[in-house]
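Participant: Got a predicted model here, sequence first, then my questions.
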Amino acid sequence: MKTVLITGANKSIGFETAKQLLQQGYYVYLGCRDIQKGELAVDLLKSEGLNEVEPIEIDVDNASSIKAAAEWLTQKIKSLDVLINNAGIAGNMQAALDTDINVFKEVFETNFFGVIEVTQAFINLLKQSPEPRIVNVTSGLGSLALHNDPTWKYYKVKPAAYVSSKAALNAYTILLAHQLSDTFFKVNAVDPGYTATDFNNHSGPGTVTDAAARVVKAATLGADGPTGQFFSDDSAPETGISPW
């Protein structure tokens with residue numbers, strides 16, 4: 001049975017991603033900052049007959065928490081097949097000159113530095129998998145090319161801290177995919193789309209079901225699947241691959 005760790009998975013897109021992977025036969029480690037919320041989420045999944053799941057406490061903003069989670073999981077399993085870096089925060093909607101530096105730091109801590117620390121902490125377990133997959137959940141707003149295109153439908157949407165953090169995450173995805181290009185790893189960034197969740201006060205038109213399906217698709221790529229790509233049905237509906 002393949003195993004997957006999903007950060008920020010006790011609700012919204014992360015939770016639905018866990019549900020869909022459970023339905024496909026994966027064993028899911030449901031990452032969450034608050035273990036009690038994680039246990040409630042696991043109980044809900046089990047009430048639906050999805051039993052191959054357990055919570056794991058992991059705060060991507062806390063190095064000690066990440067280390068403890070990696071040590072705990074290493075004691076339980078010999079390999080990890082999929083890592084989905086889903087945890088993220090929005091910050092505020094302020095423009096570049098109006099965003100306080102502390103907001104930038106806070107958003108980058110979760111959306112960028114947290115991903116790096118989690119990936120590095122679990123990379124040894126992933127290397128033991130015959131077909132390891134890393135999925136970095138990004139946003140269409142992380143595309144620098146589209147932000148420079150006045151015809152893009154989200155051209156005027158420019159929350160500085162969030163956009164910058166996701167652009168940085170995209171860059172890290174490219175670098176990570178390149179470093180692992182001679183291995184069996186597939187490393188990709190996925191934009192789940194503008195989805196109605198707590199993250200955006202349920203303002204998005206998309207559903208968590210569709211959003212999670214995009215993440216799951218990248219997490220379950222076969223041996224002939226791409227690596228180092230930026231998938232986005234929302235920002236690049238014609239091709240499904242967004243420009244960086």
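Facilitator: Great, that's in hand.
Participant: any low-confidence regions in this protein?
Facilitator: Applying pLDDT under 70 to the predicted model, the residue ranges of the chain that meet it are 196-205.
Participant: Show me where it has its strands.
Facilitator: Secondary structure of the chain (DSSP state E): strands located at 3-6, 27-32, 53-57, 82-85, 133-137, 186-191, 230-232.
Participant: Could I get the ones you listed in a markdown table, plus columns for distance to Gly38?
Facilitator: In short, each C-beta sits where N, CA and C put it, glycine included. Putting these into a markdown table (distance: least, C-beta to C-beta, whole Å) gives the following:
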| stretch | distance to Gly38 |
| --- | --- |
| strand 3-6 | 11 |
| strand 27-32 | 4 |
| strand 53-57 | 3 |
| strand 82-85 | 15 |
| strand 133-137 | 18 |
| strand 186-191 | 22 |
| strand 230-232 | 27 |
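Participant: Now for Ala167, how many residues are close by?
Facilitator: Neighbour count of Ala167, defined by other C-beta atoms under 10 Å: 19.
Participant: List the residues that contact the closest residue to Thr209 other than its chain neighbours.
Facilitator: In space, Thr209 comes closest to Glu16 once its chain neighbours are excluded; the distance is 6.2 Å by C-beta to C-beta, 6 or more residues apart in numbering. The neighbourhood of Glu16, defined by C-beta atoms under 8 Å, 6 or more residues apart in numbering, consists of 208-209, 211-212.
Participant: Can I have the buried ones of the residues you listed as a ChimeraX selection?
Facilitator: Here is the ChimeraX command that selects only those of the contacts of Glu16 that count as buried (16 or more other C-beta atoms under 10 Å):
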select :208,211,212
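Participant: Among the contacts of Glu16, which one lies nearest to Leu50?
Facilitator: Distance from Leu50 was checked for each of the contacts of Glu16 by C-beta to C-beta. The minimum falls on Ala212, at 13.7 Å.
Participant: what sits against the closest one?
Facilitator: Neighbour list for Ala212: 13, 16-17, 19-20, 192 [criterion: C-beta under 8 Å, 6+ apart].
Participant: again, only using 10 Å
Facilitator: Ala212 makes contact with 6, 12-21, 86, 192, 195, 219, according to C-beta atoms under 10 Å, 6 or more residues apart in numbering.
Participant: Now it. Nearest residue, chain neighbours left out?
Facilitator: The spatially closest residue to Ala212, leaving aside those adjacent along the chain, is Glu16, at 3.8 Å (C-beta to C-beta, 6+ apart).
Participant: Check Gln128 too.
Facilitator: Once its chain neighbours are removed from consideration, Gln128 has its nearest residue in Ser79; the separation is 3.5 Å (C-beta to C-beta, 6+ apart).
Participant: residues near the one you found, how many?
Facilitator: Using other C-beta under 10 Å, Ser79 is surrounded by 14 other residues.
Participant: Relative to Pro132, how far out is it?
Facilitator: Note on Ser79: its distance to Pro132, by C-beta to C-beta, to the nearest Å, is 8 Å.
Participant: intersection of neighbour lists for those two?
Facilitator: Taking C-beta under 10 Å, 6+ apart as the contact criterion, the residues that touch both Ser79 and Pro132 are 125-126.
Participant: related to what we said a few turns ago, distance of the residue nearest to Gln128 relative to Asn124?
Facilitator: Taken as C-beta to C-beta, the spacing of Ser79 relative to Asn124 amounts to 9 Å.
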